[in-house]
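Undergrad: Next input, structure requested:
(one chain, ligands or ions: 2)
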Amino acid sequence: MSDSAKRNQPSRRQFLSGAAAAGAGAVTAAAAQAASPDPLITEVQEWASATGEGVDATPYGLPVRFENDVVRRNVEWLTADTISSINFTPIHALDGTITPQGCAFERHHSGAIELSKADYRLMINGLVDTPLVFTYADLERFPRENRVHFCECAANTGMEWAGAQLNGVQFTHGMIHNMEYSGVPLRTLLEEAGVQPEGKWVYVEGADASSNGRSIPIEKALDDVLVAFKANGEALRKEHGYPVRLVVPGWEGNMWVKWLRRVEVMDGPVESREETSKYTDTLADGTSRKWTWVMDAKSVITSPSPQAPITHGPGPLVITGLAWSGRGHVTGVDVSTDGGINWTPARLAAPGTDKALTRFYLDHDWDGGEMLLQARARDSSGYVQPTKAQLREVRGENSIYHNNCIQTWWINGKGEAENVEVS
Ligand code: MTE
Ligand code: CO
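TA: Residues are numbered from 1 along each chain as shown. Ligands and ions are numbered 1, 2, ... in the order given. Purely as a prediction, here's the structure:
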């Protein structure tokens, strides 16, 4: 850095004390502090005048009450009841990439069931040399792997096809979570049973009433599918499939069978079941795309956004969001503040990893004016996230599933955000 450039940079000390308030870059309420002493600094506070809670007050901790609004939410009109329904991850309020289980979206077809480890059985049958039944304790004896992956429902952003509809990133993009799973590769269990040469597919089903049966090609089953029993270090929550769920990296959420109870090796997919009829995408001409399992690259700005408006004036503004791809890892994210005319590469908090969320930041100097904020992800296959217009050209407006288009937030001079479309 040259000397003159250095002089224009506020020092870290200036930044923190607010001494640089006159220039761009000040982040403290320096003027207010100078005018009247801040009692939060000058007075002994209540919380420092007495002791706090003892160590046994909360054997299993919950977030502090000030964070009570960081919760899953559903959209009441979306489904007839909450049993066969969905709620959404509050991604506007989270940072980093790992989704705490307690606020990770849920999608059930017949409600979340309670199934104990003692009552748990996993059967492998069909075109195998030896049909097998595993108890939970059996599964724990196989070599384990730890992997971080996102799970995105194919319906995520599904309400946005025809126009900007839901005013919050939690609702437009919150059918996604990203956890560190511990489990046994499905390959290990299939090898234990011995897949016969005619075995080309597996049919996987859960123990709940809906069973959520799905067919998966054997190549994927033998590749990176995990039979998982821990998420983010602890047991799966009931709503995420306790005690065992399937993790199908990069593929749509409906294949991630919860309360996994059976894997049948077959010579073809189960055609009559809903996965081949329901999970297709209707195109503009009325024809359908079939077996669209992989989740294409996608990104979204989580803050600022309608539920996370800018609450300060012009100057430093952290623009942040999430990017992911089911085809590999995120290689870059570009951010636009003018609706896609100019793009600036964002900073990835860490290099993108395979089929997992990537956090990005753009450390912006906001002039206080209106913005049309967009993010655009690129992945290791060379794919670039499309605009809404580009996606509609190919897929029309009749689709529900697999909407991975670029999202736009309109930010007004007050820092409030709204879900909009740009042409
Ligand atoms: N597995 C069973 N057994 N029952 C279900 O209803 N829903 C599927 C999938 N696995 C489902 C299931 C769908 S559509 C999705 S998107 C994911 O689970 C959601 O996983 P989550 O509830 O942990 O977010
Ligand atoms: Co789903």
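Undergrad: Return the residues in contact with L260.
TA: Contacts for L260 (CB atoms under 8 Å, 6 or more residues apart in numbering) come out as 122, 204-207, 227, 241, 244-246. Where you see a C-beta, it was placed from the backbone N, CA and C, and this is true even at glycine.
Undergrad: contacting residues for the nearest residue to L166 once chain neighbours are set aside?
TA: Among residues not flanking L166 along the chain, T172 sits closest, at 5.2 Å (CB to CB, 6 or more residues apart in numbering). Contact analysis of T172 by CB under 8 Å, 6+ apart lists 157, 159-160, 165-166, 300, 407, 419.
Undergrad: Which positions in the chain make contact with ligand 1?
TA: 104-109, 151, 153, 177, 206, 208, 210, 212, 239-240, 253-254, 256-259 (CB under 6 Å from any ligand atom).
Undergrad: cutoff 5 Å now
TA: 105-109, 153, 206, 208, 212, 240, 253-254, 256-258 (CB under 5 Å from any ligand atom).
Undergrad: re the thing from before, just checking, the residue nearest to L166 is part of a helix?
TA: Yes: T172 forms part of a helix when assessed by DSSP: H, G, I helix; E, B strand; the rest coil.
Undergrad: And it, how far from A193?
TA: T172 sits 42 Å away from A193, taking CB to CB, to the nearest Å as the criterion.
Undergrad: Would you mark the buried spots in stretch 205-212?
TA: Neighbour counts over stretch 205-212 (16 or more other CB atoms under 10 Å) mark 205-208, 210-212 as buried.
Undergrad: just for the protein, where's the confidence low?
TA: By pLDDT under 70, the low-scoring segments of the chain are 1-34, 271-282, 286-288, 290.
Undergrad: how about the helices in it?
TA: Per DSSP state H, the chain carries helices over the ranges 3-8, 12-17, 30-35, 39-42, 46-49, 136-139, 169-173, 186-193, 218-221, 388-395.
Undergrad: partner residues bridging A231?
TA: Y181, E234 (DSSP bridges).
Undergrad: Up against ligand 2, what does the stretch 101-250 of the chain have?
TA: Residues of the stretch 101-250 of the chain lying close to ligand 2 (CB under 5 Å from the ion) are 107, 153.
Undergrad: run the last query once more with 6 Å
TA: Within the stretch 101-250 of the chain, the positions adjacent to ligand 2 are 107, 153-155 by CB under 6 Å from the ion.
Undergrad: Sort out which of these are in strands and list them.
TA: Mapping those onto strands (DSSP state E) picks out R107.
Undergrad: Out of the residues of the stretch 101-250 of the chain next to ligand 2, which comes closest to G328?
TA: Comparing those against G328 with CB to CB places A154 closest, at 18.8 Å.
Undergrad: mind listing what that closest one touches?
TA: 252-254, 279, 292, 295, 401-402.
Undergrad: Check K117 too.
TA: K117 makes contacts with 136-137, 243, as judged by CB under 8 Å, 6+ apart.
Undergrad: Backbone dihedrals for it, please?
TA: The phi/psi pair for K117 (degrees, to the nearest 10) reads phi -60, psi -40.
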